[in-house]
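Asker: Predicted structure and sequence below. I'll ask about it afterward.
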Amino acid sequence: MKTNTLDHQHFEVVIIGAGMAGMAAGIRLALAGKQVIILEKHNASGGLNSFYSIEGRKYDVGLHAMTNFVPKGTKGTPLTKLLRQLRIPYDALDLCQQNGSRIAFPACNLQFSNDFALLEAEVARAFPKQIDGFRALAEEVRTLDAFNLGAIPTSARAAVQRHISDPLLEDMIFCPVMYYGSAEEHDMDYGQFTIMFRSLFFEGFARPFDGVRVIIKLLQDKYRSLGGIRKMKCGIKQIHTSGNKATAVELDNGAILTADKIISTAGVVETTRMCDDQPADAAADNIGQLSFTETITVLNKQPTEFGWDDTIIFFNTRERFNYAGVHDELVDPTSGVICFPNNYQYGAGRQLDEGFLRITAMANHDKWCALSPADYLAQKEHWYAELQKVALGILPAPKGMGGCPQPSAAQLLDDARIAKDMFTPRTVRKYTGHLQGAIYGAPHKIKDGRTHLENVYLAGTDQGFLGIIGAMLSGISMANLHVLQGD
């Protein structure tokens, strides 16, 4: 292992991708004494949840909130299981709870927090005829075995409609759940819905004070301390096969690695197409069609100075919520997510130095990728401005800063802005490798992680556990099930 090249080295397990799932799987296997290597085609870990720097300022990507929050000492929850499996102390995450969030539709707003009783009270207030059905749905969600890897997918819409008869309430329930974890248009698997409902509403939102890099550094340091090998800028050219097994991994630089088993976090379609026994267009019917764009605005004031106290707002401006791919425009600004990373309970004397406003909306991958460089920049400017307008139409009117006449909301925001950026489906495709820039991957998940090859397994987005905690649990679960079980 002291050679400078990876060529012709053998490992017990090769992990493709240094995202949350890949790093968690690596830690779990290294804890068990396995000889493991993580290969990442980019120069930064984190995958869908990472960060980047522009002019010394760090921007989080992906992490609006870490779902599945529970207070320290809470037993039997995904977060508790995760920390125990990785042997990471709870306090190392430096988790700070949300102030409170809401679901904003033209006819109704529902507030929620990390206390489920608030959402229950809000539903009772706004939908008094639906509260019994909502409570019955919540109890069903609470008791369902959503992590059954052999469960047959069923319609979440149909399951919810057994309890909820008001289409507005149905849409308001689905809006945050879908935006934070559905790869499927219009509907989602009931098991997936249940996992997301629990993680958002029964457990809740939190954020490390320093953002996603806290989690990435924890995972990297833990993996490194166990002697795990991680190689960056190591893209996979091909997985070589013989019969029903993978025999070797060929890197983009031509190096060849062999492994007893491979865990891929690249996605089911992307992994299938790496295999030399599959056609280039394999699994075309399972490519995700949902991609997103996000604007990030840096302010010289805290959001609360404008009267913006929410942590996250899931919004929809139409009569009905339409969660589907964008076809006619570059961006669909009629629904999305507004996030203020400042609005967490960081504690006395702690607050982010600058204000942040993040706005997420669905976008068209093909149209963004077809633009010339000049048109790409122009369209980013256009849609950045459009999404700010949408947000200002949903947020409370900002507090004036004096003067007569009072400046407009747009002018107040412009005056406070000190930096901005925007990512598009083109960015997502480049840095994740997901076809169509599909953040949540393929619509059909492979819950048991098995592929057509008996020693290649999936973890992460396309295995089906979503969110940061879900991704890490996916890596752990697949490592336990397919590598460590029976050892």
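Answerer: It's in. A quick note: this is a predicted structure, and the numbers were derived from the prediction, not measured.

Asker: List the contacts of the longest helix along the chain.
Answerer: Assignment by DSSP state H gives helix 373-394 as the longest helix of the chain. For helix 373-394, contacts defined as CB atoms under 8 Å, 6 or more residues apart in numbering pick out 104, 293, 295, 297, 313, 315, 317, 330-331, 333, 336, 338, 357, 359, 361, 368, 371, 409-410, 413, 420, 422, 424, 426. Heads up, the C-betas are built off the backbone N, CA and C, glycines and all.

Asker: Show me which of those residues are buried.
Answerer: 104, 293, 295, 297, 313, 315, 330-331, 333, 336, 338, 357, 359, 361, 368, 371, 409, 413, 420, 422, 424, 426 (16 or more other CB atoms under 10 Å).

Asker: where along the stretch 251-400 of the chain do the strands fall?
Answerer: 256-264, 291-299, 312-316, 331-339, 355-363 (DSSP state E, counting those that start in this stretch).

Asker: With distance to V212 as extra columns, can I get those in CSV?
Answerer: Conversion of the strands of the stretch 251-400 of the chain to CSV gives the following (distance: least, CB to CB, whole Å):
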stretch, distance to V212
strand 256-264, 22
strand 291-299, 13
strand 312-316, 15
strand 331-339, 13
strand 355-363, 13
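
Asker: right, so of those, which gets closest to A158?
Answerer: A158 lies closest to strand 312-316 among these, at 21.1 Å (CB to CB).

Asker: what's the spacing between that closest one and its chain's center?
Answerer: On the basis of CA atoms, centre = their mean, to the nearest Å, strand 312-316 sits 16 Å off its chain's mean C-alpha point.

Asker: Tell me the span between the first and last residue of stretch 36-46.
Answerer: Using CA to CA, to the nearest Å, the end-to-end distance of stretch 36-46 comes out at 18 Å.

Asker: same question, stretch 196-210
Answerer: Using CA to CA, the two ends of stretch 196-210 sit 24 Å apart.

Asker: Which positions within it qualify as buried?
Answerer: 196-209.

Asker: Same question for the helix or strand containing D132: list its buried residues.
Answerer: Assessed by DSSP states H and E, D132 sits inside helix 131-143. In terms of neighbour count (16+ other CB under 10 Å), helix 131-143 has its buried residues at 131, 133-134, 137-138, 141.

Asker: Please list the residues outside whichever helix or strand L168 is part of that contact it.
Answerer: L168 is part of helix 167-179 when elements are defined by DSSP H and E. Here helix 167-179 makes contact (CB under 8 Å, 6+ apart) with 103, 105, 107-108, 110, 123, 126-127, 130, 134, 156-157, 160-161, 164, 188, 193, 196-197, 200, 314-316, 320-321, 323, 335-337, 360.

Asker: Could you pull up the mean pLDDT of it?
Answerer: The average pLDDT within helix 167-179 is 98.

Asker: So what angle separates the directions of that helix and strand 291-299?
Answerer: Taking axes from the mean of the first three to the mean of the last three CA atoms, to 10 degrees, one finds helix 167-179 and strand 291-299 inclined to each other by 80 degrees.

Asker: Return the list of helices and strands in contact with the next helix-or-strand element following helix 167-179.
Answerer: For helix 167-179, the succeeding helix or strand toward the C-terminus, using DSSP H and E, is helix 190-197. Applying 3 or more CB pairs under 8 Å, 6 or more residues apart in numbering; DSSP states H and E, we find helix 190-197 packed against helix 131-143, helix 156-161, helix 167-179.

Asker: domains of this structure?
Answerer: The chain breaks down into these domains under automatic domain parsing: 9-93+210-286+440-484, 117-199, 289-430.

Asker: mind checking which of the ones you listed is nearest N99?
Answerer: domain 289-430 (4.6 Å).

Asker: end to end, how far does the closest one reach?
Answerer: 16 Å.

Asker: before we move on, what about stretch 12-29?
Answerer: The stretch stretch 12-29 measures 10 Å between its terminal residues, going by CA to CA.

Asker: I'd like the strands of the stretch 251-400 of the chain as CSV, with mean pLDDT and distance to K41 appended.
Answerer: Shown next, in CSV, are the strands of the stretch 251-400 of the chain (pLDDT from 0 to 100; distance: least, CB to CB, whole Å):
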stretch, mean pLDDT, distance to K41
strand 256-264, 97, 12
strand 291-299, 96, 19
strand 312-316, 98, 31
strand 331-339, 98, 27
strand 355-363, 97, 23
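
Asker: And those strands: which comes nearest Q220?
Answerer: strand 256-264 (17.6 Å).

Asker: burial of Y180, as a residue count?
Answerer: 20 (other CB atoms under 10 Å).

Asker: May I have the residues that are in contact with it?
Answerer: Here Y180 is in contact with 67, 196, 200, 466-467 (CB under 8 Å, 6+ apart).

Asker: cutoff 10 Å now
Answerer: 64-65, 67, 196, 199-200, 205, 312, 314, 337, 440, 466-467 (CB atoms under 10 Å, 6 or more residues apart in numbering).

Asker: repeat for K447
Answerer: Per CB under 10 Å, 6+ apart, neighbours of K447: 147-153, 189, 191-192, 458, 462-465, 474, 477.

Asker: still on that earlier bit, of all the contacts of Y180, the one with the weakest confidence?
Answerer: L466 (81).

Asker: Would you agree that one is in contact with K445?
Answerer: Yes. The criterion here is CB atoms under 10 Å, and L466 meets it with K445 at 9.2 Å.

Asker: Now the common contact residues for the two.
Answerer: Joint contacts of L466 and K445 (CB under 10 Å, 6+ apart) are 183, 192.

Asker: any idea where the helices of the chain begin and end?
Answerer: 20-31, 78-86, 116-126, 131-143, 156-161, 167-179, 190-197, 212-225, 268-274, 365-370, 373-394, 409-416, 425-432, 467-479.

Asker: for D310, phi and psi?
Answerer: The phi/psi pair for D310 (degrees, to the nearest 10) reads phi -60, psi 150.

Asker: let's have the chain start at 305 instead
Answerer: OK, 305 is where the count begins now, so the last one is D614.

Asker: and it, how many neighbours?
Answerer: D614: 21 neighbours (other CB under 10 Å).

Asker: Same question for N548.
Answerer: N548 has 11 neighbours, counted by other CB under 10 Å.

Asker: Report the contact partners of it.
Answerer: 581, 756-760.

Asker: Now render the helices and strands packed on helix 494-501 as JSON lines, adding distance to Y650.
Answerer: Converted to JSON lines, these look like this (distance: least, CB to CB, whole Å):
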{"stretch": "helix 435-447", "distance to Y650": "30"}
{"stretch": "helix 460-465", "distance to Y650": "34"}
{"stretch": "helix 471-483", "distance to Y650": "23"}
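
Asker: any idea how far I319 is from A411?
Answerer: For I319, the distance to A411 equals 47 Å [CB to CB, to the nearest Å].
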